[in-house]
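[1] below is the sequence, then the predicted model.
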Amino acid sequence: MGVNERSVVQVGPVTSMPGGIAAVIEQYIRMELGGRRSIAYASYWPGRPLRGLLSAGVFPVWALVRRRRSSTIVHVHLSEGGSFLREGLIVKTAALLGYTVAATLHGAGFVDYVRDSPASARRVLEACRVVFCLGQINADVVGLLTRKTEPVRILNPVDLRRRGTGRTAPKPTVLFGGEVGTRKGVDRLLAAWPEVQRRVPDARLVVYGPVTGEVTLPQDIEYKGVLDREALRVALSEVTVACLPSRQEVLPMFILESLAEGTPVVATKAGEWRSFDGVADISWVDNDDATVVAELSEALIKALIGAHRVSSGTHAWLRENASTDAVANTLRRTYERISEASR
């Protein structure tokens, strides 16, 4: 597919893979962006690193053989580590070829990466007109790293029109969705679960996601495998509470989609959790291994006993800050501004 005058090239993981970055790109592709048409350029496939490197290497040819216009924008979705080499190469190549370049920082370890490799991070970010940040922590890090690139705050988009069944599970049910490993804190949830069951004997724990092999799920935990995003949203709509006890995050789609389905959340204060300020239906637990298990069990017990759906205030917050319309408005304004500045 060619690049035309009003295109935005969304560069990042193939949209068919699970995970938050792919979900964001998929949403961006569907958005109305003021007459701009988003197209996807896949730069990462899970388990196929050589294909990702090849895609980055082919990008200059891909860009050169198409008619280049000044208002074409290349929007690169960055994680950390290898992404700053792979997608970072695309950022620098696109800028060298004269494209207007934007980036979004999705990596849970971005702050650590900047601490360990500041020069590498700076070179990539300074090739961008703007860097979209999912919270104030990353925006501050970008501001300290370079004065040449503007940080712009944005949230991940959640489609408020995609709703599940709205049925409530017959028993009090906790749902975890994500990578079943230590980064997402499944071990913490398993350690907290016996106390939850002691206080709420009929409680169920349902787990969805790819297993890393770092933890062993007990037989009484209901492991349901890997679901696509639409099926996971249906599952979220039918449970009492969603739980994400992560050690590292940025701005989890899992929390946004849980709230969109009317399901309260228990989560650790990881990453850009302050971006959810004003949302009453999230119970936050300190991200501290010394206290997290006890606090997690108490928060889950309270949520299960006082079962409720999220408030109208939370839905209003989602519409104003994280809906596809709200995020599209931020993208439209920013795209137009950086496109005009590039002429």
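    Right, received. Where do you want to start?

[2] neighbours of residue 267, just the number please.
    Summarising burial for residue 267: neighbours were counted as other CB atoms under 10 Å, giving 26. C-beta: built from backbone N, CA, C; applies to glycine.

[3] so which elements touch the helix or strand bottoming out on mean pLDDT in the chain?
    For the chain, scoring each helix and strand by mean pLDDT, DSSP states H and E identifies helix 49-64 as the least confident one, at a mean of 77. Using 3 or more CB pairs under 8 Å, 6 or more residues apart in numbering; DSSP states H and E as the contact definition, the elements that helix 49-64 packs against are strand 37-44, helix 82-96.

[4] now the angle from the last one to helix 49-64?
    It stands for helix 82-96. Angle of helix 82-96 versus helix 49-64, following axes from the mean of the first three to the mean of the last three CA atoms, to 10 degrees, is 10 degrees.

[5] run through the stretch 201-343 of the chain and note the low-pLDDT ranges.
    Scanning the stretch 201-343 of the chain for pLDDT under 70 picks out the ranges 343.

[6] which stretches in it count as helices?
    Counting by DSSP state H, counting those that start in this stretch, the stretch 201-343 of the chain has these helices, from start to end: 229-237, 253-260, 292-305, 312-321, 324-342.

[7] quick one: the third one to chain centroid distance?
    Here the centre of helix 292-305 is set off from its chain's centre by 25 Å, with CA atoms, centre = their mean, to the nearest Å.

[8] neighbouring contacts of it?
    With CB atoms under 8 Å, 6 or more residues apart in numbering as the contact definition, helix 292-305 has outside contacts at 172, 174, 185, 188-189, 191-193, 195-196, 199-200, 203, 240-241, 243, 245, 264, 266, 268, 283, 285-286.

[9] show me what counts as buried in that helix.
    292, 293, 295, 296, 297, 298, 299, 300, 301, 303, 304 (16 or more other CB atoms under 10 Å).

[10] with just CA atoms, put it into PDB.
    Provided in PDB are the C-alpha atoms of helix 292-305 (Å, rounded to 0.1, in the frame of the first residue of the first chain):
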ATOM      1  CA  VAL A 292       2.100  -6.200  48.400                       C
ATOM      2  CA  VAL A 293       0.700  -9.700  49.200                       C
ATOM      3  CA  ALA A 294      -1.100  -8.600  52.300                       C
ATOM      4  CA  GLU A 295      -2.400  -5.400  50.700                       C
ATOM      5  CA  LEU A 296      -3.500  -7.300  47.600                       C
ATOM      6  CA  SER A 297      -5.500  -9.800  49.500                       C
ATOM      7  CA  GLU A 298      -7.300  -7.100  51.500                       C
ATOM      8  CA  ALA A 299      -8.100  -5.100  48.400                       C
ATOM      9  CA  LEU A 300      -9.500  -8.200  46.600                       C
ATOM     10  CA  ILE A 301     -11.500  -9.300  49.500                       C
ATOM     11  CA  LYS A 302     -13.000  -5.800  49.800                       C
ATOM     12  CA  ALA A 303     -13.800  -5.700  46.100                       C
ATOM     13  CA  LEU A 304     -15.400  -9.200  46.100                       C
ATOM     14  CA  ILE A 305     -17.600  -8.600  49.200                       C
END
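
[11] returning to that earlier point: and residue 151, which of the helices of the stretch 201-343 of the chain is closest to it?
    The closest of the helices of the stretch 201-343 of the chain to residue 151 is helix 324-342. By CB to CB, the value is 11.2 Å.

[12] next, the angle from that closest one to helix 312-321.
    Taking the same axes, to 10 degrees, one finds helix 324-342 and helix 312-321 inclined to each other by 20 degrees.

[13] any idea how far apart the tips of stretch 278-297 sit?
    Stretch 278-297 has an end-to-end distance of 23 Å (CA to CA, to the nearest Å).

[14] next one: that stretch to chain centre, how far?
    Between the mean C-alpha location of stretch 278-297 and the chain-wide mean there is a distance of 20 Å, by CA atoms, centre = their mean.

[15] what angle sits between the least confident helix or strand of the chain and strand 37-44?
    Helix 49-64 and strand 37-44 are oriented at 140 degrees to each other (the same axes, to 10 degrees).

[16] in stretch 284-292, what counts as buried?
    Of the residues in stretch 284-292, those buried by neighbour count under the rule 16+ other CB under 10 Å are 284, 285, 287, 292.

[17] now the residues you listed in a markdown table, with distance to residue 156?
    Supplementary listing: these in a markdown table, determined by distance: CB to CB, whole Å:
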| residue | distance to residue 156 |
| --- | --- |
| 284 | 18 |
| 285 | 21 |
| 287 | 20 |
| 292 | 24 |
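
[18] element containing residue 198?
    Assessed by DSSP states H and E, residue 198 sits inside helix 186-199.
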